[in-house]
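> Give me a 3D structure for the following:
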Amino acid sequence: MVIMRHAIPLEKIRNIGIIAHIDAGKTTTTERILYFTGKTYKIGEVDQGTATMDWMIQEQERGITITAACTTCIWGDFTINIIDTPGHVDFTVEVERSLKVLDGAVVVFCGVGGVEPQSETVWRQAERYGVPRIAFVNKMDRTGSNFFDTIKDIHAKLSAHAAAIQIPVGYEEQFEGIIDLIEKKFVVYKDELGKEREVVDIPQEHLQEANHHRSILIERLAEVDADMMDKFVHGKEISNDDIKRAIRTNTITNKFVPVLCGTSLRNKGIQLLLDAICAYLPSPKDLPPVKGMNPDTGEFEEIACSDKAPFSALCFKVSTDPYVGKINYIRVYSGALKAGSYIYNSTVREKERVSKLLRMHANRQEIIEIVSTGDIIAAVGLKETKTGHTLCDERSPILIESMTFPEPVLQQAIEPKTKQDQEKLGMVLHKLEEEDPSFRVTYNQETGQTVISGMGQLHLEVIIDRILREFNIEAQIGAPQVAYRETITKKAHSIGKFIQQSGGRGQYGHVVLDLEPQEMPGTGITFEDKIKSGAIPREYIPSVKRGVFDAAKSGVIAGYPITDVKITLVDGSFHEVDSSELAFKMAAAIAFNDGVKKAHPVLLEPIMDMEVVVPEEYMGQVIGDLNSRRAKIISLTQRANVRLIRTYVPLAEIFNYATNLRSLTQGRASYTMEPSYYSEVPLNIAEKITVSFTYSERKGV
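Take a look at the predicted model:
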C-alpha cells in the first residue's frame, strides 16, 4: 500500500541550512524567521540565552551554537525545514553533516567583517556538496558596515558569481530600509519589531543608484543565462519575470548567488529573505536525483524523488534524549514511512523498527504518524543505526554515500574518580562517540589512560562539561602522556644466567645474546635462533623468546617499551635436572636487559608527518612557530592562493596546536597529520622526561 504525502506538494518544500562564520548572526536570523513565520510568539535572543535554537546549557552560557538544531516553519504555502548550524571551527562536523542532506543554504555574512575565515570554510563545504546558496549580508545597522564591500569580498575570496538583488538605504544608525532591485520598490520599516512595513516607489534621490545596480544584476545574469544574454545583446525588454526565472534557474545550478541585505537584530529584511528562500532555492524535485549503490549488485542507481518510489533515507545525526533515549535524525529521499513499521538498514544489513516519528523544533518534539519524500525528521527506536547509515525498503535495497568526517586533532586524558564513575563513564563516552563522529575515545595500553580526541580546545571543553554536569560523573582531566619508546644505538654481546639452588630441584638457565639496532626503523623487535649442537634444547627456545619480548615491554632509561632491536640467540647451556622453561625465560630477560644497557640506549619520540595549509600572508609566522616546535620543514608548495607546508614535527610539541594555529592565522589555516616514525629525543628534552636519572648515570649506562 502506498502511503501518500500529507497534503504538502514537493514543489512547496524547502530544506535549508543557515551557515556562516561565528557571530555573523545565524541563530539571530533563524530566531527572526521563526517569529515572522508564526512558529514562535516571542523573539529569542542569543546574548540573553533565550534563543529557541540554542537549547543546550553550554550554548546558552557561551552565547554560541554548538550543535545543529532542526525546526520546521510555514511561509505562505511553503514548508521550510531549517537547520541552524554552528559557526565555530571546532564544530565544523555539524555543518558537514547538515549540508549533506540539505537542498539549499542561506550564507550569512557580517556587513562589517565581510567574508571571514569560517565563511570561506563553510562556503567550500557547500561547494563540495553542490548546495545552492543565497547570501544575506547582516548587521547593516552596525558601525562600519558596508554592503558593497562585502559583495566585492564575496567575488574576491570566494570566486562566487554574485550580484545584489537588493540594496540598503542608509548605513549604520541611518539604515532606513531596502530597495528591491527586481520590483523597483522601496521597503520601509515602521516599527521596532519590523512587522509593519510599507512598500513604496523608490525615492527620486535613490533612483539613479538603484538603476545602476539593477543593470549590474542583469549583466551578471546575462553572463550565465543564454536567454538573458540574447535579450541583453539585442536590446529586448527584460521583464521582472525574466529576471526572477534567471535567478532561480542559475541559483539552483550553482552558477549564480543572489545577495540580500538586512539587520536581523533590528528585524529588518527577514520577510524579504523568506520570500527569496521560497522563490530561488530549490525544492527536492528541482535537484538532480540522488545516486546510491545497490548493495547486492554493486551497481549505481538513481533514487526517484517521489512518494510512490521505495523508501530511502539517510541518517545524518544521532542524539540522546533523557526521556526517549536515542534519536536518529533522517532525511527522506524517496517513499514514505509510518510510525511502528519496519525498515532495513542497508549499511549493516539489519532490520530496524521505528517506534516513533518526531518533527523536531530544536529540543522540543512533535509526534507525527507519517513521513514522506523531502522530510527532515527524527526517528526513535533504531538500535543499530548510526550517523551515515542508509535506511530503505528491504525489497529495494540501496546504499547512499555516507559523509566523510575530519580526523580529531586534539587529545586529553580523562580518568574517573571512583569505581562507580568508571562504569558510567564508559557508557557515556560511547554515547557521545555515537552522537559526534569527530569525537573519538581510545584506551592507551602503555600509559593506562582513556584518551578523548576532538576538533579543538572548545570542542573538548564542551564534551567534558557535558560529562561532568549532564551525566553527573566525577572525573579528572589531564593532558595525555606521549607514548615514548627506547632503543639501542650500537651492538652488544650479553650473557644471562638464572641459577637457584634449594634443598630440592633447583633452577638453571643460561643464554648468550647478540643485540644490534635494526637497519630499518619501525621494524620493531625481531628474534633469531642460531643455536648449534644442541647447546639449548629446542623445547626451551620459545621460553627464551618469550623472556626477551616480555623484557622489551619496559626499558632501562625511563621504563618505556623498547623497539627496533634485533636479538640473536647464539649460545647457552642447560642442566639435565634443574633446567626449566621458567629458568630460561628469566635468563633471557637478564641477558636482554644487560645487553640493552651496554648498547647505549636512547629515548625515542613519535614524529608526525604534518601538512599545514596557510594563506601566503601568514606563512612567516607559521614557519617561525613550527621551528620553535622542533619541526623539520620538508617542502613548501603553492596551491591556488594558499601555501602548503610539509613538515615532520614531534607529537609532544603539537598538543593544542590547532588553537595556536588559529590564533596565528585568524582561523584561516588548517592542518592534517599522521604518525610517521620514531626519532631520538634531544638530550635536554630527555632530561625532562627522565627526571629521576642524573646525567652521569645515563652516560654510564
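> Secondary structure element holding the most centrally placed residue in the chain?
By CA atoms, centre = their mean, the chain has its centre lying nearest to Val93, at 3.1 Å. Following DSSP states H and E, one finds Val93 within helix 92-101.
> Residues contacting that helix, please?
15, 17, 19, 66-68, 83, 85-86, 105, 121-122, 125-126, 128-129, 131, 314, 316-317, 331, 376, 387, 403-406, 436-438, 455 (CB atoms under 8 Å, 6 or more residues apart in numbering). For glycine as for every other residue, the C-beta is placed from the backbone atoms N, C-alpha and C.
> From the residues you listed, which land in helices?
Among the contacts of helix 92-101, the members falling in helices (DSSP state H) are Thr121, Val122, Gln125, Ala126, Arg128.
> Which one (most neighbours) among those?
Val122 (27 neighbours; other CB atoms under 10 Å).
> Give me the spatial nearest neighbour of it, chain neighbours excluded.
Ile19 (4.4 Å; CB to CB, 6 or more residues apart in numbering).
> quick one, what contacts that neighbour?
26, 85, 87, 95, 98-99, 105-108, 122, 125-126.
> Convert the longest helix seen in the chain to CSV, retaining C-alpha atoms only.
Using DSSP H, we find that the single longest helix of the chain is helix 204-224. What follows is helix 204-224, C-alpha atoms only, in CSV (Å, rounded to 0.1, in the frame of the first residue of the first chain):
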residue,chain,number,x,y,z
GLN,A,204,14.0,60.1,-6.6
GLU,A,205,17.3,60.6,-4.8
HIS,A,206,18.0,56.8,-4.8
LEU,A,207,16.6,56.1,-8.3
GLN,A,208,19.9,56.5,-10.2
GLU,A,209,21.8,54.2,-7.8
ALA,A,210,19.0,51.6,-7.9
ASN,A,211,19.0,51.6,-11.8
HIS,A,212,22.8,51.3,-11.8
HIS,A,213,22.8,48.2,-9.5
ARG,A,214,19.8,46.7,-11.4
SER,A,215,21.9,47.0,-14.6
ILE,A,216,24.8,45.2,-12.9
LEU,A,217,22.4,42.4,-11.8
ILE,A,218,21.1,42.0,-15.4
GLU,A,219,24.7,41.9,-16.8
ARG,A,220,25.7,39.3,-14.2
LEU,A,221,22.7,37.1,-15.1
ALA,A,222,23.4,37.5,-18.8
GLU,A,223,26.9,36.1,-18.3
VAL,A,224,25.4,32.8,-17.1
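> Which neighbouring elements make contact with it?
Counting contacts by 3 or more CB pairs under 8 Å, 6 or more residues apart in numbering; DSSP states H and E, helix 204-224 packs against strand 162-164, strand 166-169, helix 226-233, helix 240-252.
> one more time with 6 Å, if that's ok
Under the contact criterion of 3 or more CB pairs under 6 Å, 6 or more residues apart in numbering; DSSP states H and E, helix 204-224 touches strand 162-164, helix 226-233.
> Tell me the buried residues in the last one?
When you say that, I think you mean helix 226-233. Buried residues in helix 226-233, counting neighbours by 16 or more other CB atoms under 10 Å, are found at Met228, Lys231, Phe232.
> got it, and stretch 459-469?
By neighbour count on 16+ other CB under 10 Å, the buried set for stretch 459-469 is His459, Leu460, Glu461, Val462, Ile463, Ile464, Arg466, Ile467.
> is it true that Ala492 touches His600?
No: Ala492 sits out of contact with His600 when judged by CB atoms under 6 Å, with a separation of 8.4 Å.
> Now the element after the helix or strand where Val544 lies, going C-ward?
Secondary structure assignment for Val544, by DSSP H and E: helix 541-551. Where DSSP H and E defines the elements, the next helix or strand beyond helix 541-551 is strand 565-573.
> Starting from that following strand, tell me which strands it pairs with and how they run.
Under the criterion DSSP bridges, strand 565-573 sits next to strand 507-517 (antiparallel), strand 525-529 (parallel) in its sheet.
> re earlier: what about the residue nearest to the centre of the chain, distance to Phe316?
Remark: distance between Val93 and Phe316 (CB to CB, to the nearest Å) = 11 Å.
> residue ranges of the helices in the stretch 601-701 of the chain, please?
Secondary structure of the stretch 601-701 of the chain (DSSP state H, counting those that start in this stretch): helices located at 619-628, 657-665, 683-689, 695-699.
> Sort out which residues of the second one are buried, please.
I take that to be helix 657-665. With burial defined by 16+ other CB under 10 Å, the residues of helix 657-665 counted as buried are Tyr657, Ala658, Leu661, Arg662, Leu664, Thr665.
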